[in-house]
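# What follows is a predicted structure for the sequence shown.
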Amino acid sequence: MRDNNNIEPRHILVAVAWPYASADIHQGNVTGSYLPADIYARYHRLMGNQVLMVSGSDSHGTPVTVKAEAEGKSPQEVFDYYHERFLELFQKLGLSYDLFTHTDTENHHRVSQDIFLTLSQNGYLFRNVSAQMYSPGANKFLPDRYVEGTCPICGYGRARGDQCDNCNTLFESASELIEPRSKLDDSDLELRDTEHFYLDLAKLSDDGIAEWIADDKEFWRPQVINFARNLVLNEGLHGRAITRDMDWGIEVPLEGWDGKVLYVWFEAVIGYLSASIEWAKNRGEPEAWKKWWYEPDSRSYYFVGKDNIPFHAIIWPAELLGVRRLYESGEDLFLNLPYDVPANEFMNMEGRKISGSQNWGVLMLDALERYDPDPLRYYLTAAMPETRDSDWTWEGFVERNNSELVANWGNLVNRVLNMTERYFDGVVPDPGELTRQDKELLEAVDQGFESIGSLYDACKFRAALQETLALATKINQYLEESSPWTTVKTDIGATARSLYTSIQAISSLKTLFAPILPFTGQVLHELLGENGFLFGEQLVETYQEETLSHIALTYDGSRAIGQWIRNEIPAGRKLPNPVPLFKKLDQSVVEMELDRLSSP
């Protein structure tokens, strides 16, 4: 077994996509980026690595202002409502952010403006007058996401003014769409000239992005690296506007630019850096963030959906490359570029695309009123769209819960602990000399720490789950062959040896499953008589800034056990009374949930 105490810990930044604070989160959002990021962070915490997992609500995205106008509210009111609901969901689902903040903090405003000014000083911004969509009826320029039309590349009829979500094509202007229209009132639009700052992506490509994206990245997912290389190396990069004519957002930090703000796609990705700085400040260690952003051995992973690939595999690295000497003096220092962008594909539902407006999806806060978090996490992992689009079905959820969680893993734990209670008064029995069969089982299970750990590290979570479940099946087979319920009548020593061996194997699987099943992992940790936390605790804290208070989700990872090895459960230990880990679901759940979807 691998002894993590003798391995130098690595700094791992887990950067998670920022949800727009304009709608509740559904299962596609969770399996697209939030859950895989949490699984990855939990695995590396168990490995003993120094993990920093950050994200927050995207306060300034145009979906927020669109929602506000539709409901007759201010963007602040809409943002506040959904931000608090995100915090509630992430706590209930067990997403272990070291900091979940938002982009309307003074800290984020300052860092975003610093990066804007630094890019300008380094010669990577230019000003340009261009024609933008203007709504005479609304008497204002429309941000690109207020404009919809037909994609000129793939023909998708609901392409946004800045990007087609169907083929991931980026548009320099909404005017490139066929028959562009206003999302607000479907009114006629016209083109008017307006001046903006542009990020000089062509210059940044020549100054390092092209070389960086062409470098060894064969471990990246094909859909990510192939798309990025094609865009950079074949199609070529062009300047892209980074300011917009709006009132809601981060002001352009220059005189004479009133009424213009930093474009959300430019400043939202800066949130990974600003959140790290905020986290360090909140801890009373204002320089601590630099360990994840400047040290060459640190690694940063960006968990996003496929619609965010261009922003995280190309544009954010370009911003990072263009920033030198940020918060530093003397020699040039470069912020670390992404080590990997393990973007997922989309999850559909019952054969159709998830749509919040059509009530076609599983709103996760609502689902958690009826189901425990670990079964939801389990199914979302089993159906995770890692390399291709996947499909959520309620039939699949019930089937996997009942046949895999309950009948396989849960039943294994329940049988072993109940037999220990019944035959040995809940005391872990002394096994005496283990047989070859016993040793082979423990060796096979312990080897899982290496093989399954490699799968977690490679962001192959579906494979990690299946291999762990296969080990549970192997332990069940061992239990059937050793048959302690039979030997207890004739050979109590054999019964003791079988249950002792099974308890040790279960202790291993508790940890192997834990990144995906943290809640029941902690329950089993305690049922095995272990102290402390498999993982740290989530906390909700309020931070008061100079003029703004906000609620943030934090995670006390210092309380994790930090061991990716089996915890030996000693003979003679008195175990607590066993309790079931999972609940069987009735088949009627499928019809009930489908009826719920069809209801208005």
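Sure, I can see it. Here the structure is a predicted model, which means the values were calculated and not measured.

# contacting residues for the residue lying closest to Arg388 once chain neighbours are set aside?
Nearest residue to Arg388 in three dimensions, chain neighbours excluded: Glu345, at 5.5 Å (Cβ to Cβ, 6 or more residues apart in numbering). C-beta: built from backbone N, CA, C; applies to glycine. Residues in contact with Glu345 (Cβ atoms under 8 Å, 6 or more residues apart in numbering) are 223, 305-306, 385-390.

# which stretches of the stretch 251-400 of the chain have low pLDDT?
325-332 (pLDDT under 70).

# Would you map the strands across it?
Applying DSSP state E, counting those that start in this stretch to the stretch 251-400 of the chain gives strands spanning 260-262, 299-303, 347-349, 352-353, 390-392.

# Just put the contacts of Glu345 in JSON lines and tack on distance to Asp193.
As requested, those are exported to JSON lines (distance: Cβ to Cβ, whole Å):
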{"residue": "Gln223", "distance to Asp193": "38"}
{"residue": "Gly305", "distance to Asp193": "34"}
{"residue": "Lys306", "distance to Asp193": "34"}
{"residue": "Pro385", "distance to Asp193": "42"}
{"residue": "Glu386", "distance to Asp193": "45"}
{"residue": "Thr387", "distance to Asp193": "44"}
{"residue": "Arg388", "distance to Asp193": "43"}
{"residue": "Asp389", "distance to Asp193": "41"}
{"residue": "Ser390", "distance to Asp193": "45"}
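
# Tell me the one among these nearest to Val66.
Gly305 (19.4 Å; Cβ to Cβ).

# For the closest one, grab the count of nearby residues.
Using other Cβ atoms under 10 Å, Gly305 has 20 other residues around it.

# That one touches Ala343, doesn't it?
Yes: assessed by Cβ atoms under 8 Å, Gly305 is found in contact with Ala343 at 6.4 Å.

# list residues touching both of those two?
By Cβ under 8 Å, 6+ apart, Gly305 and Ala343 have these common neighbours: Ser33.

# Buried residues of stretch 206-224, list them for me.
Using 16 or more other Cβ atoms under 10 Å as the test for burial, stretch 206-224 gives 207-210, 212-213, 217, 220-221, 223-224.

# what's the answer for stretch 415-429, then?
Neighbour count says stretch 415-429 has 415-417, 419-420, 423-424, 426, 428-429 buried, by 16+ other Cβ under 10 Å.

# In CSV: these, plus pLDDT.
Shown next, in CSV, are the buried residues of stretch 415-429 (pLDDT from 0 to 100):
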residue, pLDDT
Arg415, 97
Val416, 98
Leu417, 98
Met419, 98
Thr420, 98
Tyr423, 97
Phe424, 97
Gly426, 97
Val428, 98
Pro429, 98
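
# Tell me which entries of those residues lie within helices.
If you go by DSSP state H, those have 415-417, 419-420, 423-424 in helices.

# Need phi/psi at the residue of the chain most remote from its centre.
Distance from the centre of the chain peaks at Thr490, with 52.4 Å (Cα atoms, centre = their mean). When read as degrees, to the nearest 10, the backbone of Thr490 gives phi -130, psi -20.

# now it: how far from Pro429?
16 Å (Cβ to Cβ, to the nearest Å).

# I'd say Thr393 and Glu350 touch.
Yes: in this structure, Thr393 is within contact of Glu350 by Cβ under 8 Å, at 5.6 Å.

# sec struct for Val51, please.
Per DSSP: H, G, I helix; E, B strand; the rest coil, the local secondary structure of Val51 is strand.
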